[in-house]
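Participant: show me how the following folds:
(one chain, ligands or ions: 2)
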Amino acid sequence: MVSEQKKLSKNELKKWVRIERKREYSYGVMAKLEGREVSELFSLESTSIICIANAGSGAMGSIHFNQLCEVLASFEGYMEAKQSAYGRPYTFVKYADSDCAKIVKEKFHMTATEHFDGKILFVEYVEQAKSPFAISKPSEELIPGLIFIQDYITVEEEEHILSELEKLPDWKYVNKRFVQHFGHAYDYKTKHVGDSSMTSSVTFPGFIQTFLDKMATDMPELPRCDQVTVSRYPSGSGITSHVDTHSAFDTAIYILSLKSSVVMDFKNLENDETVSIELPRRSLAITTQDSRYSWEHGIKERKTDLLPNGMVIERDDRLSFTCRRILPDSICHCQWPQYCDRHISTVSPGSEVNP
Ligand SMILES: O=C(O)CCC(=O)C(=O)O
Ligand SMILES: [Fe+2]
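Facilitator: Ligands and ions are numbered 1, 2, ... in the order given. So this is what the prediction gives:
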């Protein structure tokens, strides 16, 4: 580096020193906010995840997150970006592999480009475990009966579903979120199959049918769904802790997360123990057994989430599919009579019925 510096003119050297100072400052801010040493933040080996240390929600005069994503998404292998919590001026971006990430790092690190009006980015590789893309594997032991599949759909499948969802008219507003119901007519007021004031359509749009067929093929032992609720959660909204009504739906409830990850809290009704897990975008969570019948699940109303590995990230708008099979005779045969609505007619305060 010293010999290279010698070749620089005085002005170039001054500029270089200024950029170096900015870089050190950005890394210092990030280390402080992450509660780590600068040396622990980044990986010297190339990885598929990069961190833009000076662009994010709290970066003054910096590049807006959406603008950043738009540019970085135009590079091959782009999968997803996660923004740190508000006030944390850095962003993590995941590519399909380290070769794709390398092209982006080499293009932008310490370099002014036309993409960002000459602004310079500081780009480093990050190890998966120290990133918000750490594999989140909620253990079956923590929440019995919960089946979790990371990356159940591909980036392309998610893109297709999201573009189809954009076209849907008539979202209904319910408790700060928006919903659409598809499939088997089901009346949420009477809790019976039949007349439905809230069902958009009893036949599924093609892109939902394709998804249901995929699940039926992959998991033939589980109930085949005939009812789908599509929910759109503006950042900051959530869903009250609840158990999907026993007598309304069959033994497995499927939740597909789209566009943004979120932390979902599960509460064991036997001892009030709470376990929070991340539902990354494109993942599928299936509640069966205890997780279906004797644990509540809900999403807190807040704009940021603390991930299991300690990272704090900003929520984006999230969409989800909740897929279920309706019990035609409304009779539940579960082994949790103490929590079953065939025995209990009242619902605990604050809970939602058939969200
Ligand atoms: O949207 C989600 O992630 C969960 C929705 C849910 O729990 C429900 O609709 O019953
Ligand atoms: Fe639910």
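Participant: looking at this protein, which helix is longest?
Facilitator: Using DSSP state H, we find that the single longest helix of the chain is helix 10-34.
Participant: what packs against that helix?
Facilitator: Applying 3 or more Cβ pairs under 8 Å, 6 or more residues apart in numbering; DSSP states H and E, one finds that helix 10-34 makes contact with helix 38-41. All C-beta atoms are positioned from the backbone trio N, CA, C, and that covers glycine.
Participant: quick check: mean pLDDT of the helix it packs on?
Facilitator: What helix 38-41 shows for mean pLDDT is 95.
Participant: in it, what's buried?
Facilitator: For helix 38-41, a neighbour-count test (16 or more other Cβ atoms under 10 Å) marks residue 41 as buried.
Participant: so what touches it?
Facilitator: 27-28, 30-31, 34, 51, 124, 126, 130 (Cβ atoms under 8 Å, 6 or more residues apart in numbering).
Participant: so how far is that helix off the chain centroid?
Facilitator: How far helix 38-41 lies from its chain's middle: 26 Å, per Cα atoms, centre = their mean, to the nearest Å.
Participant: show the subsequent helix or strand relative to that helix.
Facilitator: The C-terminal neighbour of helix 38-41 among helices and strands, as given by DSSP states H and E, is strand 49-52.
Participant: pLDDT score for residue 350?
Facilitator: For residue 350, the model assigns a pLDDT of 41.
Participant: actually, residue 183.
Facilitator: Turning to residue 183, the model gives it a pLDDT of 87.
Participant: before we move on, what about the one 3 residues further on?
Facilitator: Looking at residue 186, its pLDDT reads 59.
Participant: and residue 43, what does it touch?
Facilitator: Residue 43 neighbours (Cβ under 8 Å, 6+ apart): 124-127, 130.
Participant: among the residues you listed, which has the minimum pLDDT value?
Facilitator: On pLDDT alone, residue 130 ranks lowest of the contacts of residue 43, at 91.
Participant: quick one: name the residues of the protein near ligand 1.
Facilitator: 229, 231, 239, 244, 255, 297, 320, 322, 355 (Cβ under 6 Å from any ligand atom).
Participant: per-residue pLDDT, the residue nearest to the third one when sequence neighbours are not counted?
Facilitator: To tie it back to what came earlier, the one meant is residue 239. In this structure, residue 239 finds its nearest non-sequential neighbour in residue 299, 4.9 Å apart by Cβ to Cβ, 6 or more residues apart in numbering. Looking at residue 299, its pLDDT is 98.
Participant: how many neighbouring residues does residue 299 have?
Facilitator: Using other Cβ atoms under 10 Å, residue 299 has 22 neighbouring residues.
Participant: residue 316 now?
Facilitator: Residue 316: 20 neighbours (other Cβ under 10 Å).
Participant: and it, what does it touch?
Facilitator: By Cβ under 8 Å, 6+ apart, the contact set of residue 316 is 83, 235, 259-260.
Participant: the residue in the stretch 101-250 of the chain that ligand 1 sits nearest to: neighbour count?
Facilitator: Distance from ligand 1 to each residue of the stretch 101-250 of the chain (Cβ to the nearest ligand atom) is smallest for residue 231, at 4.4 Å. Look at residue 231: counted by other Cβ under 10 Å, it has 22 neighbours.
Participant: and it, bridged to which residues?
Facilitator: residue 179, residue 320 (DSSP bridges).
Participant: so it makes contact with residue 319?
Facilitator: Yes: counting by Cβ atoms under 8 Å, residue 231 does reach residue 319; the two are 6.8 Å apart.
Participant: can you show me the helices along the stretch 1-150 of the chain?
Facilitator: Taking DSSP state H, counting those that start in this stretch to define them, one finds helices in the stretch 1-150 of the chain at 2-7, 10-34, 38-41, 65-72, 98-108.
Participant: ranges for the helices of the stretch 201-350 of the chain?
Facilitator: In the stretch 201-350 of the chain, the helices defined using DSSP H, counting those that start in this stretch lie at 206-218, 289-293.
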